[in-house]
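Compute the structure for the input listed below.
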Amino acid sequence: MREFMTNLAVDFLVAFGIVLGACMLAGIGSVLTLQAPAYKMLDIAGRIKIWAMVAAVGGTIDPLRVIETNFLEGHLSPAFKQIMYFVAAFAGAHIGTVLVKWICQGSVQS
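This next block holds a predicted model:
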């Protein structure tokens with residue numbers, strides 16, 4: 001159980017870090033090219049969210065295959081664990097996106 005919880009935390013933080021890091025570097029790049037950083041950061045936050053999730057869970061189709069194989073064989077525990085890894089990665093990517101939107105909210109007029 002401890003390994004499962006550790007992996008959940010790592011998947012969450014990896015997805016969160018990918019979104020936050022990509023947005024921060026996009027903001028720096030836009031400043032260097034004399035563009036508005038808030039617009040670029042918001043754009044990147046929306047576009048990289050799914051890729052952060054994919055990278056956090058392993059970057060391949062194997063996690064989905066684990067869910068399919070175990071579910072069809074009736075082993076629900078491994079399938080549930082993989083689904084929880086996806087949920088944790090989604091939560092991390094989503095919270096990172098929300099944080100970037102919250103930070104940029106004062107800079108961009110909707």
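
can we go C-alpha only for contacts and neighbour counts from here?
Fine.

lowest-pLDDT helix or strand in this structure?
Ranked by mean pLDDT, DSSP states H and E, the helix or strand of the chain with the weakest confidence is helix 62-72, at a mean of 77.

Who are the packing partners of it?
In terms of contacts (3 or more CA pairs under 8 Å, 6 or more residues apart in numbering; DSSP states H and E), helix 62-72 is packed against helix 76-104.

what comes up buried for the helix it packs on?
79, 81-101, 104 (16 or more other CA atoms under 10 Å).

and if you look at stretch 53-69?
Residues of stretch 53-69 classed as buried under the neighbour-count rule (16+ other CA under 10 Å) are 53-54, 56-57, 63, 66-67.

ends of that stretch, how far apart?
Criterion CA to CA, to the nearest Å; first-to-last residue distance in stretch 53-69 is 21 Å.

Closest one of the buried residues of stretch 53-69 to A38?
Relative to A38, the closest of those is M53; by CA to CA it sits at 22.5 Å.

what sits against that closest one?
Shown in contact with M53 (CA atoms under 8 Å, 6 or more residues apart in numbering): 15, 86, 89-90, 92-93.
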